[in-house]
Structures are given as C-alpha cells and as structure tokens.
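[1] One predicted model, sequence on top.
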Amino acid sequence: MSLLPPNRDGSGTTPVSPDEERFLIPSVATLAELNLIERENILDARRWLFAPRRKLTSTDLLDHLFVRDLHRRMFRHVWRWAGKLRDCELNLGVPPHEVETRLYSLLDDTKAWITYGTFPPDEICIRLHHGLVAIHPWRNGNGRHARLLADRLATALARPPFTWGGGAELTARTDTREIYLTALRTADAGNFQPLLTFARS
C-alpha cells in the first residue's frame, strides 16, 4: 500500500498518486515524515525570502523565473519536480498546456494592478494568491507557494504578511481549512472579501 494514497475526499488538496513517490528525493517511510521534511524545506525557503539583506521589489517577485525559483526552494530537498511547471492533469487547475500562458498573464496583470493602483495592496496580493491556486502551476504545493508569495508581495507593498486564519495549519483537515476553501470558492465567483477577511484574521 502506498504511503501517499490519492486524496478523493474533496478536501481541496492535490492527490498524490503512488506513482508520484518515484519523484521523492529523500527516503520517506510515512506521510507524517514527508510532511515534516516538506515543512522544514518551506521554513528554509521562507527565511531566505524574508532575509533583511534581500531587497526584493514587486517587479522582482512577479518575474516568472523568480516565481519558479521560489517553488524550487520550497521543495528542492523533497521533490524532483520542484520549480518545474506542471505537465500532467490534476483534479484542480487549468489543463497542463495552458499553465505557462496563464501564469505569465496573471503575473503581468498583477504588475499592472500595482502600477495603476487598480486595487488596494492587500487585494492585489489576494488576487495573485487566488489566481495561482486557480491555475495550479505545480504538481503539488500550490497553496503553500501562493500564500508565501502573497506574503512577500505584501511586504514589498509596505503591508505586513498575512495571518491566513490566525496561523492554523491549512494543509490539515480542519475547520479553518474549510473556511479557507470556502473563501477561495467565493473568490472564484468574483467576491474576494471573504478571502481578504480570512487572510487578515
């Protein structure tokens, strides 16, 4: 039996098939161990991203090569596909052949929103986050990557990082995660207020 059974419970996470295990870099015996290794890798990436000496502008953050590099840094010690755009179908996101074009378009839109002040800074970050989740550019780690990039863009726009529901673990099946997923679905219909409220709660 695979240590990473496919997720078919509607929890909003990307399924990890038994075949995906061949892309694991370390030797992992349990799902808990995988989660721990991923968490440590992401914390390293966060420290790198928010290092005081690293002066990043919104233009830097919204460069497609930087966006890919951030994902690579978040998962490079765990998955061989870290930082590589998705080339397979998932239960979420756009078809694989649309990923690159949609990603470029989202990043360009976000730059324009900043340049022209189309939305307040928080909403710009939340719209970027939502757009990334909707595209699902990566095989896995999409929500975590989108939240981290939104946090760093917020600071580049002179806003504090988001709290995302008070810092609850959004990868676990909790009430907080369900509120987050509901807010994302509401944003799908064009109403971003619940997601904004959640991100700052």
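    Alright, I've got the coordinates. Residues are numbered from 1 along each chain as shown.

[2] Quick one: the helices in this structure, in order.
    31-49, 58-61, 64-75, 99-116, 121-135, 142-156, 175-188, 193-199 (DSSP state H).

[3] what's the burial count for Pro120?
    Residues near Pro120, counting by other C-beta atoms under 10 Å, number 13. Using the backbone N, CA and C atoms, a C-beta is placed for each residue, glycine as well.

[4] With Thr118 instead?
    Thr118: 13 neighbours (other C-beta under 10 Å).

[5] next one: His97
    For His97, using other C-beta under 10 Å, the count is 8.

[6] just wondering, since we're on it, how far is it from Thr176?
    34 Å (C-beta to C-beta, to the nearest Å).

[7] One more: Gly93?
    23 Å.

[8] more neighbours, those two?
    Gly93 (20 against 17).

[9] so Cys160 makes contact with Ala150?
    Actually, residue 160 is Pro rather than Cys. No. Taking contacts as C-beta atoms under 8 Å, Pro160 lies outside contact range of Ala150: 11.9 Å.

[10] higher neighbour count, these two?
    For Pro160 versus Ala150, neighbours defined as other C-beta under 10 Å are more numerous around Ala150 (23 against 10).

[11] contacting residues for that one?
    Neighbour list for Ala150: Cys125, Ile126, Leu128, His129, Phe162, Ala199 [criterion: C-beta atoms under 8 Å, 6 or more residues apart in numbering].

[12] residue ranges with poor pLDDT in the chain?
    1-18, 168-169, 171-172 (pLDDT under 70).

[13] please redo it, this time with the cut-off set to 80
    1-20, 27-29, 167-174 (pLDDT under 80).

[14] which ones are touching the closest residue to Leu61 other than its chain neighbours?
    Excluding the flanking residues, the one nearest Leu61 by C-beta to C-beta, 6 or more residues apart in numbering is Leu153, at 5.3 Å. Counting by C-beta under 8 Å, 6+ apart, Leu153 makes contact with Ser58, Leu61, Leu62, Thr110, Ile124, Cys125, Leu128.

[15] Give me the neighbour count for His130.
    His130, neighbours per other C-beta under 10 Å, totals 20.

[16] got it, and Ile114?
    21.

[17] count of neighbours near the closest residue to it other than its chain neighbours?
    Spatial nearest neighbour of Ile114, excluding adjacent residues (C-beta to C-beta, 6+ apart): Ser58 at 5.4 Å. Ser58 has 20 neighbouring residues, counting by other C-beta under 10 Å.

[18] tell me the contacts of Ser58?
    Counting by C-beta under 8 Å, 6+ apart, Ser58 has contacts Lys111, Ile114, Leu153, Ala156, Leu157.
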